[in-house]
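1. Quick one: sequence and predicted model below, then my questions.
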Amino acid sequence: MSLARLCLIIPFAYIIIYVGGAFLIPESLGLAWVWLQRGVVSAALVCLFVLFLRHSRGSRRPAGLTHAMGISFLLVLPAIITSYWVGVVGALVTPILVACSAIWERTRRVGNH
């Protein structure tokens, strides 16, 4: 649960470092600086996706994990800051999977009763 929260908090906290550091680093390191932010976003997205794979059934997820994975669409903002369109699309994957798993479980429960 705390890992999922960290995956959401760290990219946003890094935005402050990213923007502040952009004024301080030499221009020759600009591309590396952008890719560092993209790497932070990518790591968070992969981590959330792996957490979903480990806890794909909503009824078996630890408390609060569904919420953390459901709001991971907020990672669109750190991805947009660096024009990382793979990250923008990737930020939508986990929330969609969480919603689909919830729908799947509800339809299975209704069908079994």
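-> Received the coordinates, thanks. Residues are numbered from 1 along each chain as shown.

2. Can you list the low-confidence ranges for the chain?
-> Residue ranges of the chain with pLDDT under 70: 111, 113.

3. What are the boundaries of the helices in it?
-> Using DSSP state H, the helices of the chain run over 2-24, 30-54, 65-70, 76-81, 85-112.

4. Adding mean neighbour count, write the ones you listed out as CSV.
-> Every C-beta, even on glycine, is put in place using the N, C-alpha and C of the backbone. Formatted as CSV, the helices of the chain follow (neighbours: other CB atoms under 10 Å):
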stretch, mean neighbour count
helix 2-24, 15
helix 30-54, 17
helix 65-70, 20
helix 76-81, 19
helix 85-112, 15
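
5. Which residues are in contact with residue 61?
-> Applying CB atoms under 8 Å, 6 or more residues apart in numbering, we find residue 61 in contact with residue 55.

6. ok, now how distant is it from residue 99?
-> For residue 61, the distance to residue 99 equals 13 Å [CB to CB, to the nearest Å].

7. and if you look at residue 74?
-> 15 Å.

8. Equivalent analysis for residue 33, please.
-> Following CB to CB, the distance that separates residue 33 from residue 99 is 34 Å.

9. With residue 8 instead?
-> On the measure of CB to CB, residue 8 and residue 99 end up 17 Å apart.

10. likewise residue 69?
-> 10 Å.

11. Pull up the distance across stretch 64-75, start to finish.
-> Stretch 64-75 has an end-to-end distance of 18 Å (criterion: CA to CA, to the nearest Å).

12. Distance from it to the middle of the chain?
-> Mean-position distance between stretch 64-75 and its chain equals 7 Å (CA atoms, centre = their mean, to the nearest Å).

13. List the contacts of that stretch.
-> 1, 4-5, 7-8, 11-12, 41, 44-45, 48, 51-52, 55, 58, 87, 90-92, 94-95, 98-99, 102.

14. try 7 Å this time
-> 1, 4-5, 8, 11, 41, 44-45, 48, 51-52, 55, 58, 87, 91-92, 94-95, 98 (CB atoms under 7 Å, 6 or more residues apart in numbering).

15. Check stretch 81-88 too.
-> With CB under 7 Å, 6+ apart as the criterion, stretch 81-88 contacts 15, 34, 37-38, 41-42, 45, 75-76, 79-80.
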